[in-house]
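> got a predicted structure here, sequence first:
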Amino acid sequence: MTKFSILIVFLLQFLNENVYSQQNTKFCNCCTEEYKQFDFWLGDWKVYNQKGEKIGSNSIVSMQDSCVIQENWSSVGQ
């Protein structure tokens, strides 16, 4: 094998690995620290009044690649 052939094989292997890793890595625009400031709020919550009576429940979920937080409130009275 000539030096040129070895160089071509090396470059093809490098390009193949690069393309494969890019295809299998999902890029997340909103995965920075700024977008994680409200992650403490995520989850399912039971909500009580000052008397200790349950007045509702709240489910907080992260959506759209962590770019949005959605609140799903459900009142006991409804």
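Now that the structure is in, tell me what you want to look at.
> how about the helices in the chain?
Using DSSP state H, the helices found in the chain span residues 3-23.
> what about the strands in it?
Listed in chain order, the strands of the chain (DSSP state E) span 43-48, 54-63, 68-75.
> can you list the residues that contact the second one?
This points to strand 54-63. Strand 54-63 is contacted by residues 39, 41-49, 68-77 when judged by Cβ atoms under 8 Å, 6 or more residues apart in numbering. Bear in mind the C-beta positions are built from the backbone N, C-alpha and C, glycine included.
> which among these count as buried?
Buried members of these, counted by 16 or more other Cβ atoms under 10 Å: I69.
> hang on, the earlier thing: for the strands of the chain, which one sits closest to E34?
strand 68-75 (12.9 Å; Cβ to Cβ).
> tell me the angle the closest one makes with strand 43-48.
30 degrees (axes from the mean of the first three to the mean of the last three Cα atoms, to 10 degrees).
> mind putting the strands of the chain into TSV with mean pLDDT and distance to E33?
Output for those, formatted as TSV (pLDDT from 0 to 100; distance: least, Cβ to Cβ, whole Å):
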stretch	mean pLDDT	distance to E33
strand 43-48	96	20
strand 54-63	95	14
strand 68-75	95	15
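> figure out which of those strands is closest to C31.
Nearest of these (Cβ to Cβ): strand 54-63, 10.5 Å.
> can you tell which of the strands of the chain is closest to C30?
Taking Cβ to Cβ, strand 68-75 is the member of the strands of the chain nearest to C30, at 8.2 Å.
> that closest one pairs with which strands, and in what direction?
Here strand 68-75 is paired, per DSSP bridges, with strand 54-63 (antiparallel).
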